[in-house]
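> Build me a model from this:
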Amino acid sequence: MDIRRITPRFAVSPQIRPEDVATLKEAGFVRVICNRPDAEVAGDERSEAIRAACAAQGLDFVSLPVDHASMSAELVADQHSAIEDAGGPVFAYCRSGTRSAHVWALGQAARMPTDDIIAAGAGAGYDLTPLRPAIEAMTRQG
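Numbers count the residues shown, from 1 in each chain. Next comes the predicted model:
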């Protein structure tokens with residue numbers, strides 16, 4: 001499993017499997033966010049399998065699937081709340097970690113300077129520079 005920390009309280013990775021959840025627990029995460037739609041996966045990579053593994057480890061699980069059609073201000077707000085309300089470090093995953101990083105970045109608009117958001121993503125291996133116009137537009141909207 002490739003855990004990529006964006007901030008001390010938020011990390012992302014590519015798709016996980018149920019057997020990875022114990023590692024997340026050991027790493028100190030308290031909540032797992034699934035940003036991958038079930039239509040993209042099969043079997044034990046589906047959200048219910050990961051949810052069950054999280055429950056067995058005592059971790060919260062939130063399903064917020066992201067695709068081009070579902071990316072919205074509401075989804076960004078829901079993910080931001082899921083991160084902020086967790087009471088500890090949060091881990092999110094999708095196919096590559098990119099969608100999870102993108103939703104986080106958009107949720108930081110007006111909360112962090114755009115350059116800091118982009119730098120945090122780069123530090124975890126994600127190029128967030130294409131999001132600059134969207135982050136700045138959301139910052140202006142407040």
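
> For the protein, name the helix or strand with the lowest mean pLDDT.
helix 132-141 (a mean of 92; mean pLDDT, DSSP states H and E).

> Buried residues, that one. List them.
Ala134, Ile135, Met138, Thr139 (16 or more other Cβ atoms under 10 Å). No exception for glycine: its C-beta is placed from N, CA and C like everyone else's.

> Farthest-apart pair in these, please.
The distance between the two most remote of the buried residues of helix 132-141 (Cβ to Cβ) is 9.6 Å, for Ala134 and Thr139.

> What lies in contact with stretch 65-73?
When contacts are defined by Cβ atoms under 8 Å, 6 or more residues apart in numbering, stretch 65-73 is touched by residues 34-38, 47, 75, 94, 99-100, 102-103, 138.

> I'd like the distance from it to the chain centre, please.
How far stretch 65-73 lies from its chain's middle: 13 Å, per Cα atoms, centre = their mean, to the nearest Å.

> same check, this time on stretch 96-109
What separates the centre of stretch 96-109 from the centre of its chain is 6 Å, taken as Cα atoms, centre = their mean.

> go on, stretch 117-133?
How far stretch 117-133 lies from its chain's middle: 14 Å, per Cα atoms, centre = their mean.

> same deal with stretch 34-41?
With Cα atoms, centre = their mean, you get 13 Å for stretch 34-41.

> Over to stretch 103-115?
That offset, for stretch 103-115, works out to 13 Å (Cα atoms, centre = their mean).

> Now do the end-to-end distance for it.
Stretch 103-115 has its terminal residues 16 Å apart, counting by Cα to Cα, to the nearest Å.
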